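Novice: this is the structure alone, sequence omitted:
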């Protein structure tokens, strides 16, 4: 036998003999061992890992899963992007929405501590099904903003999708707003993600801002030209969405904000989604007061943009008469008492928008060319303080 092999053999034999001699008395009796624990595992310290604090083992396990199995988690999520890079949501709704961030980019707050250093939050100004909205102040620029917190644990799957731009699964509200730029749609400045929330930062819309429903309830007086000016901005925003194959999903007076200069913006895109002309949507998330008849008949299923045209009709009715249409299912809707005092052009427009047959309901192209909607309005003659009651 070669010399080096003999040395290795001699060393291993002596080691084993020393171990057996030294530890013979230390080894526990077989009756003292816990069930399922072998003598060798006790002797050679395989249970020593139990001395590591549980919190450290949890942290190590979490770090290992986060950095070693990220790709596997991404593959099983029920969201995809098509060959053109467009955002799509699959039919599966079984898995809770997850978010795996590869890179936010330098403009986004990367963690909660950094976010808190950048913003000071104040009072709550709104609550939703799975979100809370607060006023805040950006410490860097001393500008007022609005921050929306979306609770991750409450976010349903149909309100999220895979975003190829950020290579992550995001709430549809974030993914859609990040691509929109229109004067009548709220702007998304930046967004972030913490352990419990998705966070959206949006600019504050004027000094005296309220939603359209609050504005209507505080009006001293109103006329048709002013209603036309406000409604035309809402229509322009919805038309921009439809041109980009987006449904807002919850058009109502509460989701329109107006400031002291009577500038309007659409907000709350939590129910927004992409659509195609032949797509059937089965998760209507709007309000019943603004719900088209075909949605109720089909148990929440609808197709196309006709449901949003109906919702626009309800907004226009509410704006002009400070009330909702009382009998929306009646065949004699054209005999409504409020419509009897409206101008002929407004009356015909409302009847067209609130038509119960979706195939004959007013289309967006017809609405944009409507004579009443395109009337000239001298908005400078209206004063906020004279029109709105102060709280």
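Specialist: Ah, there it is. It should be emphasised that the depicted structure is a prediction, and the values quoted were computed from it without experimental measurement.

Novice: show me the helices in this protein, by range?
Specialist: Counting by DSSP state H, the chain has these helices, from start to end: 3-23, 39-43, 54-68, 70-76, 112-118, 172-177, 212-217, 224-243, 293-297, 306-321, 337-340, 344-353, 364-368, 384-387.

Novice: state the mean pLDDT of the third one.
Specialist: When you say that, I think you mean helix 54-68. The average pLDDT within helix 54-68 is 69.

Novice: repeat that for the first one.
Specialist: For helix 3-23, mean pLDDT rounds to 47.

Novice: can you check the fifth one too?
Specialist: Per-residue pLDDT values over helix 112-118 give a mean of 80.

Novice: any figure for the gap between residue 126 and residue 170?
Specialist: Here the criterion is CB to CB, to the nearest Å. By it, residue 126 lies 21 Å from residue 170. Placement of C-beta: from N, CA and C, glycine included.

Novice: okay, these two: which has more neighbours?
Specialist: residue 170 (24 against 15; other CB atoms under 10 Å).

Novice: quick one: that one and residue 177, what's the gap?
Specialist: Taken as CB to CB, the span from residue 170 to residue 177 is 10 Å.

Novice: hmm, who's touching stretch 352-359?
Specialist: 292-294, 304, 306-307, 309-310, 312-314, 316-317, 325, 328-329, 333, 361-362, 366-367 (CB atoms under 8 Å, 6 or more residues apart in numbering).

Novice: got a list of what the closest residue to residue 249 other than its chain neighbours touches?
Specialist: In this structure, residue 249 finds its nearest non-sequential neighbour in residue 271, 3.1 Å apart by CB to CB, 6 or more residues apart in numbering. Counting by CB under 8 Å, 6+ apart, residue 271 touches 159, 248-250, 285-286.

Novice: among these, filter down to the buried ones and hand me the ChimeraX syntax, if you would.
Specialist: The ChimeraX selection below is limited to those of those classed as buried (16 or more other CB atoms under 10 Å):
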select :159,248,249,250,285,286
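
Novice: residue 120: which of the contacts of residue 271 is nearest?
Specialist: Proximity of those to residue 120 (CB to CB) peaks at residue 159, which lies at 28.4 Å.

Novice: check whether that closest one really touches residue 170, as I assumed.
Specialist: No: applying CB atoms under 8 Å as the test, residue 159 and residue 170 come out as separate, 10.1 Å apart.

Novice: on that earlier part again, mind checking the helices of the chain for the one nearest to residue 192?
Specialist: helix 112-118 (5.4 Å).

Novice: residues in contact with the closest one?
Specialist: Here helix 112-118 has contacts from 109, 138-140, 192, 194-195, 199, using CB under 8 Å, 6+ apart.

Novice: from the residues you listed, which shows the smallest pLDDT?
Specialist: residue 109 (42).

Novice: before we move on, the earlier item: among the helices of the chain, which comes closest to residue 133?
Specialist: Using CB to CB, the helices of the chain put helix 172-177 closest to residue 133, at 12.1 Å.

Novice: circling back to that earlier point, which of the contacts of helix 112-118 tops the neighbour count?
Specialist: Ranked by neighbours (other CB under 10 Å), these are led by residue 192, which has 22 neighbours.

Novice: beta-bridge partners for residue 134, please?
Specialist: residue 124, residue 147 (DSSP bridges).

Novice: from residue 53, how far out is residue 180?
Specialist: Taking CB to CB, one finds residue 180 at 48 Å from residue 53.

Novice: swap in residue 336?
Specialist: Taken as CB to CB, the span from residue 336 to residue 53 is 71 Å.

Novice: between those two, which is the more surrounded one?
Specialist: Remark: of residue 336 and residue 53, residue 336 carries more neighbours, 20 against 8, as counted by other CB under 10 Å.

Novice: so that one sits against residue 324, correct?
Specialist: No: contact status for residue 336 versus residue 324: not in contact, 11.1 Å apart, counting by CB under 8 Å.

Novice: burial count for the nearest residue to residue 321 once chain neighbours are set aside?
Specialist: Nearest residue to residue 321, sequence neighbours excluded (CB to CB, 6+ apart): residue 338, at 4.4 Å. Other residues within reach of residue 338, judged by other CB under 10 Å, total 15.

Novice: tell me which residues touch residue 338, please.
Specialist: Taking CB under 8 Å, 6+ apart, we find residue 338 in contact with 317, 320-321, 323.

Novice: how close does it sit to residue 216?
Specialist: Noted for residue 338: a distance of 14 Å to residue 216, by CB to CB.

Novice: quick check, pLDDT for residue 147.
Specialist: Confidence score, pLDDT, at residue 147: 94.

Novice: that one: neighbour count?
Specialist: With other CB under 10 Å as criterion, residue 147 counts 23.

Novice: can you give me every residue that contacts it?
Specialist: 119, 121, 133-136, 199-202.

Novice: before we move on, what about residue 342?
Specialist: 224, 320, 350 are the contacts of residue 342 under CB under 8 Å, 6+ apart.
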